[in-house]
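Engineer: Following is a predicted model, sequence given first.
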Amino acid sequence: MSAVVRQRGGVGGKRDKRQSSNAPEANKTAALVQRQERWKDAPKTTEKPTTAAAVGAYVVLVVASVVANVGSWDGEFVFDDMRAVETNPILSAREPYSALLTHDFWGTPMSSPRSHKSFRPVTSLTFKFQFEDPPNAVYFHLGNMALHCVATVLLFTKLRQLTDSFAESYKASLLSAFLFAVHPIHTEAVCNVVGRADVLAGVFFLGAWCAYPSWARGNHLPYKIWALRMLAFAILSTLATFSKELGITIVGVAFAEDSLVQLQKTSWKQFWRVIENKAFVSTLLSCAATGALLLALRLNIMEGQRPIFNKEEVPAAFEESFLTRLLTMNYYVVLNVVLLFFPVRLCHDYSHNAIAMVESLADPRLFAIGALYATVIVSIALLFWKLQKIRSNQLILAGIATAVISFLPASNLLFPVGFVLAERVLYLPSIGICLIASGILLRFGAKAERALVVLIVLLAIKSVTRSFEWHDNYSIHKAGFKTMPHNVKIATNWALLQYQRSKFDGLSQREQDDLVNAAESTYKYALQFPTDDAAVDYNYGTMLLELGREKDAVQRLEAGLKKADVTKTPAKILSSLGGMYFAKQQYEQAKEYFVQALQIDSLFFQATNGLGVIAAVQHQYADAVTWFTKALEQNPRYAEGYFNRGTAQYHLQNHKQAISDLRTALYYAPRHTNAATQLQVNIFVTALFTECVHLHRYLPAASSKTTTAIGTTIPIERERKQRNQKCTRTVSRIL
């Protein structure tokens, strides 16, 4: 007895006319269809939610997403926000939009060897849209919260697609989306403005996934619909990639999930025959082409350069022992998994000495590494074993695939990245956790639902508490120091913030003294840990200088110079010592320190500027102009350099060049009061020069005279007032 096996083929729904006369194979296929109809966790009802219920679900998810991060909505720029947003030169309205395509996320030219190569023009574009001078942090925080709401809604939409939106699966999708909305691991991505890169990538990631024309689910799609959805998938994948690099993983995630759906519908032996399906081939090639083009474009933008990181950022990457590197990098993976499933001890910075190296096979942490990989392998094997019998297994496997694929580029396993752990990069992998939760709910029903509801409540409380810690720099570093007091970087920054807080107005002398003493105690505590990072010495020494304890300050700064710090900190220390001697009018010693700073870092424009200032105070204005010009070559956006060069040009009576430099200084620093004042002087003097002959020839000698800084004689008081008024009107028009 023979049977005909028909299979849909082609994007437009053409049929595959292959016939099989293999009776056993036909019987297996029929049996498989019967098993699919008897899935253990098939919905008990096909009733779909009403429109009102669906809208209500979306509203509640949005509210939950906002409430979970409510503590930061009116917060300030914190941690990396200052560099990425507040002081990022390419975000200014004075810079063209094309600068977003030539600079990295932090404002450094992509061609520079110092660039981190984090090319995220889509995220930077959203920052530029919101940027004003001075930037208002509230608008940026609200923007992050709005994007998180969109991501939550998109995840709910995708979960409904994956679970067919039936009543029971609708409830599972809703609870899983709630888990995503309130997960504490998202607080860094949402509450820290820099985390917008991850949230925005998540929005486009989920949007691309929703648009993806599944060849396993959509064999009946007309060709035009398939082509439009594939185009939308390619565009959204591109936007995800250029929001943050992890966005490119949507290509692998979408195809992995689709393959699991097809595998569940067929047997292992029949799975490989799907290559005869034109829909499969078209989708596979389109998906692969999208990923390949994005990867090639991303590598081309890097111009063959790899980002340069230092030992303190990723300590394990600089270990000489291969075994230590291998074990420690895999232990980092364990810690990331712990943060996803047990987000209890959260911290904003895991760099430096926060996590000890795994240096031998006798280290007990090796059991955690083995347990993780064993659990994952056994779980995947068991899920595949029952894949065709239990419907939810496919969703759980899709969740595992999503978490693994989206995390892999940031895992340090393939190549070193610029951090040990970063909670914000777990934004995309947490989508996989929510898929796993949805699959578990479909498998175990009411008991799992009650447990997940309790878990969601606990996680929401944790998120709200954590969001208030992200409100400002003081609170987040206070929480970080409490969580990881042995992290030298956190301790150093915490001490610096305590000292800065002591300068606030409204504090009593006792409160100020307590904060200064607390800062000094924290600095001394940080110095107990062995590290090559000289930042603690630099910050502590600078504080001692401001407190007038010069001897202790010099001792601390010189101790920092003895450390093997490969960052710019030694140059900062030398520049600080140069500034100290400059204030004491010991110009030759100051000059020596500035020159040494430039020997360490040839692009350290502050030291070059210092040499120019020394020349200026010694009335060597031509040399000063040369030094200031070099400083501006090192940093073309250095407002203080333009101000100093303009002032030197003023003393050389080059008023046209002075006015040009001072205008440029105000262009880059509109609130530079000294530059505005000096510009007024130059315009005033220039206006007098043009009328000097007229004034001396026609006006009578005055008994009341005044002299400007460069010795220009101004006649009678009434005429001086008129010229001042004229100058004020001129300056107002120019500014």
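Structural biologist: That came through fine. Residues are numbered from 1 along each chain as shown.
Engineer: Next, the contact list for residue 468, please.
Structural biologist: Residues near residue 468 by Cβ atoms under 8 Å, 6 or more residues apart in numbering: 71-72, 475. Placement of C-beta: from N, CA and C, glycine included.
Engineer: next helix or strand past the helix or strand hosting it?
Structural biologist: Per DSSP states H and E, residue 468 falls inside helix 446-469. Remark: after helix 446-469, the chain's next helix or strand is helix 473-483, criterion DSSP H and E.
Engineer: can you pull out the helices in the stretch 251-400 of the chain?
Structural biologist: All helices of the stretch 251-400 of the chain, identified by DSSP state H, counting those that start in this stretch, fall at 268-271, 278-301, 322-341, 365-385, 391-407.
Engineer: Could you identify which of the contacts of residue 468 has the most neighbours?
Structural biologist: Neighbour counts for these (other Cβ atoms under 10 Å) peak at residue 72, which has 28 neighbours.
Engineer: For residue 464, see how far away it is.
Structural biologist: According to Cβ to Cβ, to the nearest Å, residue 72 and residue 464 sit 10 Å apart.
Engineer: Does residue 264 touch residue 386 like I think?
Structural biologist: No - look at residue 264 against residue 386 with Cβ atoms under 8 Å: they stay out of range, at 10.4 Å.
Engineer: measure stretch 92-110 end to end?
Structural biologist: The first and last residues of stretch 92-110 sit 18 Å apart, counting by Cα to Cα, to the nearest Å.
Engineer: pLDDT of it, averaged?
Structural biologist: Averaged across stretch 92-110, pLDDT comes to 87.
Engineer: Mind listing what's buried along it?
Structural biologist: 92, 95, 99-100, 103-108, 110 (16 or more other Cβ atoms under 10 Å).
Engineer: for stretch 577-584, same thing?
Structural biologist: Residues of stretch 577-584 classed as buried: 577-582 (neighbour count, 16+ other Cβ under 10 Å).
Engineer: now stretch 410-430
Structural biologist: Buried, per 16+ other Cβ under 10 Å, within stretch 410-430: 410-412, 416-430.
Engineer: Distance from that stretch to the middle of the chain?
Structural biologist: Relative to the chain's own centre, stretch 410-430 is displaced by 12 Å; criterion: Cα atoms, centre = their mean, to the nearest Å.
Engineer: The residue nearest the centre of the chain: what's it in contact with?
Structural biologist: The centroid of the chain falls nearest to residue 194 when counting by Cα atoms, centre = their mean (4.0 Å). Going by Cβ under 8 Å, 6+ apart, residue 194 touches 79-81, 84-85, 424.
Engineer: 10 Å - rerun?
Structural biologist: 77-85, 105-106, 123, 127, 140, 144, 188, 424 (Cβ atoms under 10 Å, 6 or more residues apart in numbering).
Engineer: do the same with residue 407
Structural biologist: Residue 407 makes contacts with 246, 249, 333, 336-337, 340, 413, 425-426, 428-430, 432, as judged by Cβ under 10 Å, 6+ apart.
Engineer: Packing partners of the strand or helix carrying residue 615?
Structural biologist: Here residue 615 sits within helix 605-617, counting by DSSP H and E. Contacts defined by 3 or more Cβ pairs under 10 Å, 6 or more residues apart in numbering; DSSP states H and E place helix 605-617 against helix 569-583, helix 587-600, helix 621-634, helix 639-651.
Engineer: what sits in contact with each of residue 264 and residue 386?
Structural biologist: residue 393.
Engineer: Who has more neighbours out of those two?
Structural biologist: Each of residue 264 and residue 386 has its neighbours counted (other Cβ under 10 Å); residue 264 has more, 22 against 11.
Engineer: Now the helix holding residue 468: average pLDDT?
Structural biologist: The pLDDT scores in helix 446-469 average 94.
Engineer: buried stuff in it?
Structural biologist: Buried residues in helix 446-469 (16+ other Cβ under 10 Å): 448-449, 452, 456, 459-460, 462-464, 466-469.
Engineer: Kindly report the same for stretch 620-628.
Structural biologist: By 16+ other Cβ under 10 Å, the buried positions in stretch 620-628 come out as 621, 623-628.
Engineer: Return the member of the residues you listed nearest to residue 153.
Structural biologist: Proximity of the buried residues of stretch 620-628 to residue 153 was ranked by Cβ to Cβ; the top entry is residue 628 with 53.3 Å.
Engineer: wait, doesn't that closest one sit right on residue 635?
Structural biologist: No - counting by Cβ atoms under 10 Å, residue 628 does not reach residue 635; the two are 11.3 Å apart.
Engineer: returning to that earlier point: show me which of the contacts of residue 407 has the smallest pLDDT value.
Structural biologist: Within the contacts of residue 407, the minimum per-residue pLDDT falls on residue 413 (88).
Engineer: check contacts around the closest residue to residue 107 other than its chain neighbours.
Structural biologist: Excluding the flanking residues, the one nearest residue 107 by Cβ to Cβ, 6 or more residues apart in numbering is residue 88, at 4.3 Å. Each residue near residue 88 by Cβ under 10 Å, 6+ apart is listed here: 81-82, 95, 103, 105-108, 124, 127-128, 131, 135.
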